[in-house]
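> here are the coordinates; sequence isn't available:
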Ligand SMILES: O=C(O)CCC(=O)C(=O)O
Ligand SMILES: [Fe+2]
């Protein structure tokens with residue numbers, strides 16, 4: 001497969017609808033061959049997505065001092081400046097140069113009485129909102145609501161595609177781990193090819209739903225192939241499989257390297273949404289993904305353990321020991 005197929009979910013946004021089986025088959029084909037698909041016919045309102053992009057642009061137009069006042073906290077929520085992450089765990093490429101991007105990381109929003117938050121458990125802490133932009137939080141929360149619903153629907157289609165009941169995986173997402181990353185890639189000089197916006201990597205988790213602006217620059221490297229472009233297609237999402245989903249499915253679905261080089265000459269904004277399960281979910285070969293010829297390739301791993309290991313190695317701010325209160 002040399003291109004990323006478009007899967008249109010029109011008519012199959014209910015997992016019981018007859019069309020859902022067809023969408024599930026198309027998704028399986030795309031996600032098992034190339035690990036990526038464009039999703040059309042979703043029901044995230046264009047206005048909701050536009051408002052989130054507008055909020056992100058406003059945030060990134062704030063002063064550096066304002067942005068730095070939200071410096072990323074031990075719960076992985078907040079602002080990461082240019083060149084603050086270098087993907088050293090990548091098996092995809094030897095990465096030595098930091099990424100040319102800045103971002104605000106928003107994770108699942110927790111109520112103040114959430115037991116995990118009160119106990120200071122890893123990844124269960126407060127988001128950091130730019131209070132000088134009063135419209136920011138409502139715009140992002142509205143967007144997360146819609147894109148999260150799409151993600152959960154896709155999890156059901158994936159369950160169907162794997163020969164499981166549509167709702168078989170739902171309970172793992174009762175206390176999900178989610179990330180909305182409001183990314184900004186500055187213009188980069190055309191000659192500076194070495195200066196990569198986002199270095200080759202695979203995503204860690206289950207699925208990623210990426211909204212990109214019209215700059216282009218996302219590239220994907222299918223198994224055994226060369227880099228191909230994943231250009232923006234209006235009103236679609238770029239869906240991809242993360243490492244934990246590849247492992248859950250014993251490699252039936254593939255987690256594919258991708259990177260960003262912003263050659264547009266202007267600023268590039270993107271909003272990847274990562275939908276992952278509860279920290280306690282045991283990622284162990286799903287029953288329909290193994291038989292005598294396909295024994296499980298990996299031992300079971302707790303999603304939360306895997307995530308923390310990846311984050312600790314890739315993010316500068318996590319390299320010193322975490323404060324004792326959250327250890
Ligand atoms: O900005 C993009 O288009 C992709 C970002 C990405 O791959 C990521 O944040 O994992
Ligand atoms: Fe990614």
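Perfect, thanks for sending it. Owing to the predicted nature of the structure, the values given are computational and were not obtained by experimental measurement. Residues are numbered from 1 along each chain as shown. Ligands and ions are numbered 1, 2, ... in the order given.
> how about low-confidence regions in the stretch 101-250 of the chain?
190-195 (pLDDT under 70).
> can you tell me the residue of it closest to ligand 1?
residue 218 (4.4 Å; C-beta to the nearest ligand atom). To be clear about C-beta, it is placed using only N, CA and C from the backbone, and glycine gets the same treatment.
> Residues in a beta bridge with that residue, which ones?
For residue 218, the beta-bridge partners are residue 260 (DSSP bridges).
> and residue 236, what does it touch?
Shown here is residue 236, whose contacts under the criterion C-beta atoms under 8 Å, 6 or more residues apart in numbering are 6, 38-40, 42.
> Just the pLDDT at the residue most central in space within the chain, thanks.
Residue closest to the average C-alpha location in the chain (C-alpha atoms, centre = their mean): residue 274, at 2.9 Å. Confidence per residue is given as pLDDT, and for residue 274 that number is 98.
> unless I'm mixing things up, it is touching residue 147, no?
No - assessed by C-beta atoms under 8 Å, residue 274 is found out of contact with residue 147, at 10.4 Å.
> list the residues that contact both of these two?
Both residue 274 and residue 147 are contacted by residue 180, under the criterion C-beta under 8 Å, 6+ apart.
> tally of neighbours for residue 17?
Applying the criterion other C-beta atoms under 10 Å, we find 12 residues in the vicinity of residue 17.
> What distance do you get for the residue nearest to the centre of the chain to residue 21?
Distance, residue 274 to residue 21, using C-beta to C-beta, to the nearest Å: 27 Å.
> pretty sure residue 250 is touching residue 296, no?
Yes - the pair residue 250 / residue 296 is scored as a contact, 5.8 Å apart, by C-beta under 8 Å.
> If you count surrounding residues, which of those two has more?
Using other C-beta under 10 Å, the more surrounded residue of residue 250 and residue 296 is residue 250, with 19 against 14.
> Could you confirm that one falls within a strand?
No - following the definition DSSP: H, G, I helix; E, B strand; the rest coil, residue 250 is coil and is not counted among the residues of a strand.
> Now for the residue lying closest to it once chain neighbours are set aside, how many residues are close by?
Counting by C-beta to C-beta, 6 or more residues apart in numbering, the nearest residue to residue 250 once its immediate chain neighbours are dropped is residue 289, at 4.0 Å. Neighbours of residue 289 under the rule other C-beta under 10 Å: 19.
> How much space separates residue 289 from residue 308?
Computed as C-beta to C-beta, the residue 289 to residue 308 distance reads 25 Å.
> Check residue 169 too.
Looking at residue 169 against residue 308, where the rule is C-beta to C-beta, the gap reads 22 Å.
> of the two, who's got more company?
Each of residue 169 and residue 308 has its neighbours counted (other C-beta under 10 Å); residue 169 has more, 21 against 17.
> Quick one: residues contacting the residue nearest to the more buried one when sequence neighbours are not counted.
Taking C-beta to C-beta, 6+ apart as the measure, residue 169 lies nearest to residue 159, with 5.0 Å between them; neighbours along the chain are not counted. Under the criterion of C-beta under 8 Å, 6+ apart, the contact partners of residue 159 comprise 165-169.
> Can you classify residue 159 as helix, strand or coil?
Classification of residue 159 by three-state DSSP places it in helix.
> likewise the one 5 residues further on?
Taken by three-state DSSP, the conformation at residue 164 corresponds to coil.
> Identify the residue nearest it in space, chain neighbours excluded?
Leaving out its chain neighbours, the residue that sits closest to residue 164 by C-beta to C-beta, 6+ apart is residue 288, at 5.9 Å.
> Is the one you found in contact with residue 163, as I believe?
Yes - in this structure, residue 288 is within contact of residue 163 by C-beta under 8 Å, at 4.3 Å.
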